[in-house]
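Q: Need coordinates for the following:
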Amino acid sequence: MLRLIHMESNTTLTFQKIYEEESDAIFRFCLTRVSNREQALDLVQETFLRLWQTLSLEKEVLNNRAFLFTVAHRLVIDWYRKKKSVSLDAMMHKEGEADFDVADETTTKENIEAGAEGRQLLEALDALPESYRQPLYLRFVEGMLPQDIAKILGISANAASVRINRGMLELRKRTGYDTEEV
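A: Got it, this is the predicted structure:
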């Protein structure tokens, strides 16, 4: 009985630590994929439920971050597969709405400009092919290494690096930051 209580305590502490470290990153990842705050929260909850189940079964997770992003990535794919067609009325109602928080009075001009540039960059990132979009997001927004990105996407580390580099070139072209001179 004492061993069981000790195991549950260690599992809980491990889970709490991982949740505190990674929940924001997983939320951002899900939110940029589904563009709906409530759905992103549901996906984050399901991701961490699967982590809890894995830890409860005393399975070893070698890389918590890669595990969580892999689970979240697969959940997003499943969500899109299950997603039902949206009615025209719902699409028209959603048009023009943003899933960003409303600025408060402490927002400065620099923050507004940075936010606008960030939205422009995210829009350009969303316009990229999926094979470039995900590796770029994981590398530059989440700060992951190509080896970890490769594990999440199920490709080689070299392929991940190539996709990051090619994606950056395409993103620079689309945003006007292409530094090559003709």
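Q: number of nearby residues for residue 38?
A: Residue 38: 9 surrounding residues under other Cβ atoms under 10 Å. To be clear about C-beta, it is placed using only N, CA and C from the backbone, and glycine gets the same treatment.
Q: Quick check: pLDDT value at it.
A: Residue 38 is assigned a pLDDT of 93 by the prediction.
Q: Provide the secondary structure category for it.
A: With DSSP: H, G, I helix; E, B strand; the rest coil as the basis, residue 38 sits in helix.
Q: can you pull the buried residues of the longest helix belonging to the chain?
A: Longest helix in the chain, counting residues (DSSP state H): helix 2-34. Using 16 or more other Cβ atoms under 10 Å as the test for burial, helix 2-34 gives 15, 18-19, 22, 25-27, 29-34.
Q: Among those residues, find me the one that's closest to residue 156.
A: Residue 156 lies nearest to residue 29 out of the buried residues of helix 2-34, by Cβ to Cβ, at 21.6 Å.
Q: Now the closest residue to the closest one other than its chain neighbours. Its backbone dihedrals?
A: Distances taken as Cβ to Cβ, 6 or more residues apart in numbering put residue 72 closest to residue 29, at 5.6 Å, once the chain neighbours are dropped. Main-chain torsions, residue 72, degrees, to the nearest 10: phi -60, psi -40.
Q: If I follow the layout properly, residue 72 ends up in contact with residue 47?
A: Yes: under the criterion of Cβ atoms under 8 Å, residue 72 makes contact with residue 47 at 4.7 Å.
Q: shared neighbours, those two?
A: Shared contacts of residue 72 and residue 47, defined by Cβ atoms under 8 Å, 6 or more residues apart in numbering, comprise 26, 30.
Q: Need the residue closest to the centroid of the chain.
A: Central residue of the chain (Cα atoms, centre = their mean): residue 29, 1.4 Å from the mean position.
Q: Show the contacting residues for it.
A: Contacts of residue 29 by Cβ under 8 Å, 6+ apart are 69, 72, 73, 137, 138, 141, 142.
Q: Looks like the first one contacts residue 145 (just checking).
A: Right, the one you point to is residue 69. No: between residue 69 and residue 145 there is no contact under Cβ under 8 Å: 12.0 Å.
Q: Which one of these two is surrounded by more residues?
A: A count of neighbours by other Cβ under 10 Å puts residue 69 above the other of residue 69 and residue 145, at 25 against 15.
Q: before we move on, which element is the more buried one in?
A: helix 64-82 (DSSP states H and E).
Q: pLDDT of that helix, averaged?
A: For helix 64-82, mean pLDDT is 90.
Q: And it, what's buried?
A: Residues of helix 64-82 classed as buried: 64-73, 75-76, 79 (neighbour count, 16+ other Cβ under 10 Å).
Q: any chance of these in CSV, with distance to residue 58 too?
A: Shown next, in CSV, are the buried residues of helix 64-82 (distance: Cβ to Cβ, whole Å):
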residue, distance to residue 58
64, 15
65, 20
66, 19
67, 15
68, 18
69, 22
70, 20
71, 18
72, 23
73, 24
75, 23
76, 28
79, 29
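Q: Understood, closing this out.
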